[in-house]
Each structure stands twice: as structure tokens, then as C-alpha cells.
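Peer 1: With the sequence up front, the predicted model follows.
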Amino acid sequence: MNHGQQSGEAKHEDDAALTEFLASLMDYTPTIPDDLVEHYLAKSGFQCPDVRLIRLVAVATQKFVADVASDALQHCKARPAPVVKDKKQQKDKRLILTMEDLSKALREYGVNVKHPEYFADSPSTGMDPATRDE
Amino acid sequence: MKRRRRNSKLKFEESSDQSPATTAEFSFSLTKIAVSQICQSIGYKATDSSALNTLTLTTTKFLQSLAELAASFSNTANRTEVNLFDIVNGLQDIALSTSDCFPGGSTVHDIESHCLMKSAVFRNLSDFVKYAPEIPFAKPLPRRERNGSSGGDLDHVAVTQSVEVKSVPAWLPPFPDASVYSDRCSQDRSDHLWENSDSVIGREIMPEGLKSESCRDNTGGRLPLRRSSVKFKIEQRDWRSGGDTRLERWRDNNDGESGGGVDVKKKIRQGYTYCAGEWPI
């Protein structure tokens, strides 16, 4: 009997949390605009007039990008820094999102990015990352 | 010194100034801005253009695969509109395939988890909304008119704005571009319309303004503000004499000129046969 009451209370709490979360989506502004998300959803056959659900998809996508980017940032920080004589230059180590870090991060999420070993996508490729201007 | 200051600037936008030509390019460039904003909030100072393009492409693929999964779940349940359960199911499926994205994705089919908040995916999203700072899009997009269930098709906007006919219900699909049918209408049908044939009485005196009004495409279905007045005279006639309205009008106009009713009937007969082939008179 007690077990049944506890499960009922837990369910009520979960329902309240769900309602609160959905209500908070109305006030939350995702980075990806609603119209842009609607466009991609409509392209995939997704029909939904509820703005909260569209924002939920936007939030999920934003979280995915943020997780991938933070993982790539960890890879970038964990890379051994090049030997630099000037201490000031070592302090100014710039954090740049590169294909190397991104492909490592995406591999953990099941996305295998193939790119050539040496891919000169900009005139500054091959230069010291601390000094180059991307 | 100047060079160092220039280097310290944040450059997340591409240097090329090419404006996007298609809808796909436009939406991709918008997504790129959003993705670069997220990267900046994580702590990045700059990005390689290829890395940014790859991450943007991955983002769009994630969004579309989530939408497809949710839509397929709703279709399986014999629904056309997606609800919250479909989205959470789609998120859990993605979490299963990408094991690290949403921890707890393996508890999808847990019998005890009747409520959505038991789902770890959903709880993580709730925490994200609660604790992550809001990063609004760099520039607010211009709002477009919401047109029923027409979804978020950016192509739709220009078409609906170009043609606004009040008599056509809003739920019907939009008109195609006027250049598709207006020329064909005027060219193909001008030779075959009975109204345009030479045998029609009084065609010569039809003003040019009225001719253009007859074609609905030019005015978009709206009546002109200034119209010429038309008068009708209704008379009681003896039907046994076989009086034809059109015949009588012609008679009145010509004021009893030479040529009897037989010639007039011939003319009318020619006109009808030209138009429809077999028209009983």
C-alpha cells in the first residue's frame, strides 16, 4: 500500500516537473532560430504547430553541438603545446577549432569524418597555430 | 603591435561576401552563424572554415534525422502531427546510436519509466535549459506570415506574398508564378475563343480596357475601380414571334438597316459553330 502511494507521488512530481520544463521552453530562446528549425523539420516531413516542441528540438540540437564542441576543446587543450621560447606567446595560445580535434570529437558520437592528412583549406595551413590568423 | 591587435579579433564569419543563392544555401549559412555562436560560448576564439562547415553539416544532419525519426514514430501511430513522445523516442534512438551524446539512452524500454521525466535524455535537456546560459541568435530573423499548416517552408513566403486573392481560401496551395500561365493563356486561347472571333457582333467596338479585364490573370481577380456603365432594357415580348434577344439588340443598333432576320441568324449561326462546333439553335 505504501509502495503504491510512493509511486503515485513520484508520478505526480514527474508530471509537475514535465509541465514546468515545457513551460520554461516558452521563455527560453535557443541559439538556433525557430524559423530555421521549422524549415529543416518541414523538409523532413515533421508537422507540429506547437512552438514548445520545435524549441525542444532546437535545444536538443544546441546541446549536441555544445557537447561536440566542448569535447573538441578538451582535445585541443590536451594537445602538447609546441615549444615556444617566448613566455608571452605561450600564454596567448589561441583556441582554434580544427578538423583534427573535431573529427576526434565526432568519432565519439558515431560520426566518422574523413579528411586528407594534409588538407590545405586556408592559406595559413601549416603555420604555427599561435600566430596564424583564421 | 598593430598586427597582434588584428590577430586578437574574433573571426567566425567567412571572408567571402557571396550572398546565398538558394534556400538551402541561405539556411546553411544561418545554421553556420548559430553553430559559430555556440562554439564561441564554449570558449573557442576562432575556427577553421572546413571545421566549421563540417560541424554545421553535422548539425543539420542531426536535426533532420531527429525530425525524420519523430515523424516516422508519429506515422507508425497513425498520426500526422508529431507529439512530445515521438520526439523523446527519436532522441532516445539517436542517443542509442551515439552512445555518449545522451547518457541513459539504454533505459528506453524500461517498463517502470512510464513518465517522460524518467528518461535520462529528457532530464539532461531539462538541466541544459535550466543551467545553460541563453545565447540568442546574432540577428533577429524577419518574421513571416504564418499560413495555416504550411510549415516552415521558406520558399512558400515569396509565393504567398506575391499573389493575394481574397476569393481563394487560405488553405489551398499557392498559385504558381504568373509568368508560367499568363502568356500561355493569352497566346493559346486567343485564336480559339469565340469572343475573339470576327463573327461576333459588336466585337470591334469593345474597348481595350474591357478586353484586358476579361483576362483574370492581369488583374489578379480584382475588379477595376472605375468601370464603364452597362445598361439593360427589359421588354415584354411575344415569344410566339420567336424573338431572339441578341437579334433584337442588333436590330436596334442598326436601326432597321438593309438585311433581314435571315442574314442575322446566319451570322449568329456561324459564330456558334466556330466556337463549339455543334451548337443547337
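Peer 2: Good, I have the coordinates. Residues are numbered from 1 along each chain as shown, chains lettered A, B, ... in the order given.
Peer 1: what is the mean pLDDT for stretch B:136-144?
Peer 2: For stretch B:136-144, mean pLDDT rounds to 76.
Peer 1: give the contact list for B:Ala51.
Peer 2: Each residue near B:Ala51 by C-beta atoms under 8 Å, 6 or more residues apart in numbering or on different chains is listed here: A:97-99, A:101-102. All C-beta spots, glycine's among them, are computed from the backbone N, C-alpha and C.
Peer 1: Out of these, which are close to chain B?
Peer 2: For chain B, the contacts drawn from the contacts of B:Ala51 by C-beta under 8 Å from any C-beta of the partner chain are A:97-99, A:101-102.
Peer 1: What about those residues, which are in helices?
Peer 2: Per DSSP state H, helices hold the following members of these: A:99, A:101-102.
Peer 1: So which of those wins on neighbours?
Peer 2: Among these, the one with the most neighbours (other C-beta atoms under 10 Å in any protein chain shown) is A:Leu102, at 28 neighbours.
Peer 1: So that residue sits against A:Val113, correct?
Peer 2: Yes. Counting by C-beta atoms under 8 Å, A:Leu102 touches A:Val113, with 6.9 Å between them.
Peer 1: Give me the common contacts of these two.
Peer 2: Residues touching both A:Leu102 and A:Val113 (C-beta under 8 Å, 6+ apart): B:Thr54.
Peer 1: how about the ones in helices among the ones next to chain B among the contacts of B:Ala51 in a markdown table, adding pLDDT?
Peer 2: Converted to a markdown table, these look like this (pLDDT from 0 to 100):
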| residue | pLDDT |
| --- | --- |
| A:Met99 | 89 |
| A:Asp101 | 90 |
| A:Leu102 | 92 |
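Peer 1: tell me which of the residues you listed is nearest to A:Leu73?
Peer 2: A:Asp101 (7.6 Å; C-beta to C-beta).
Peer 1: quick one: contacts for that closest one?
Peer 2: By C-beta under 8 Å, 6+ apart, the residues touching A:Asp101 are A:72-73, A:75-76, A:79, B:51.
Peer 1: B:Phe73 now?
Peer 2: Listed by C-beta under 8 Å, 6+ apart, the contact set of B:Phe73 reads B:82, B:85-86, B:89-90.
Peer 1: what about chain B, any weak spots by pLDDT?
Peer 2: For chain B, applying pLDDT under 70 flags the ranges B:1-20, B:96-118, B:142-166, B:182-228, B:230, B:232, B:235-281.
Peer 1: cutoff 50 now
Peer 2: Scanning chain B for pLDDT under 50 picks out B:1-16, B:101, B:111, B:146-153, B:155-162, B:206-221, B:243-245, B:247-252, B:254-259, B:275-281.
Peer 1: in chain B, which helix has the most residues?
Peer 2: As assigned by DSSP H, the longest helix anywhere in chain B is helix B:49-76.
Peer 1: Now do the buried residues in that helix.
Peer 2: Across helix B:49-76, burial judged by 16 or more other C-beta atoms under 10 Å in any protein chain shown covers B:49-60, B:62-64, B:66-74.
Peer 1: May I ask which helix or strand encompasses the closest residue to chain B within chain A?
Peer 2: Nearest to chain B in chain A, going by C-beta to the nearest C-beta, is A:Glu38, at a distance of 2.6 Å. For A:Glu38, the element it lies in under DSSP states H and E is helix A:34-43.
Peer 1: what helices or strands is that helix leaning on?
Peer 2: Secondary-structure packing of helix A:34-43 (3 or more C-beta pairs under 8 Å, 6 or more residues apart in numbering or on different chains; DSSP states H and E): helix A:51-78, helix B:23-42, helix B:49-76.
Peer 1: what about the first one, average pLDDT?
Peer 2: Mean pLDDT, helix A:51-78: 93.
Peer 1: on contacts alone, who are the packing partners of that helix?
Peer 2: With contacts defined as 3+ C-beta pairs under 8 Å, 6+ apart, helix A:51-78 has these neighbours: helix A:2-27, helix A:34-43, strand A:96-97, helix A:99-107, helix B:23-42, helix B:49-76, helix B:84-97, helix B:120-131.
Peer 1: ok, and for it, which residues are buried?
Peer 2: By 16+ other C-beta under 10 Å, the buried positions in helix A:51-78 come out as A:53-73, A:75-76.
Peer 1: Show me which helix or strand of chain A is least confident by mean pLDDT.
Peer 2: helix A:87-91 (a mean of 57; mean pLDDT, DSSP states H and E).
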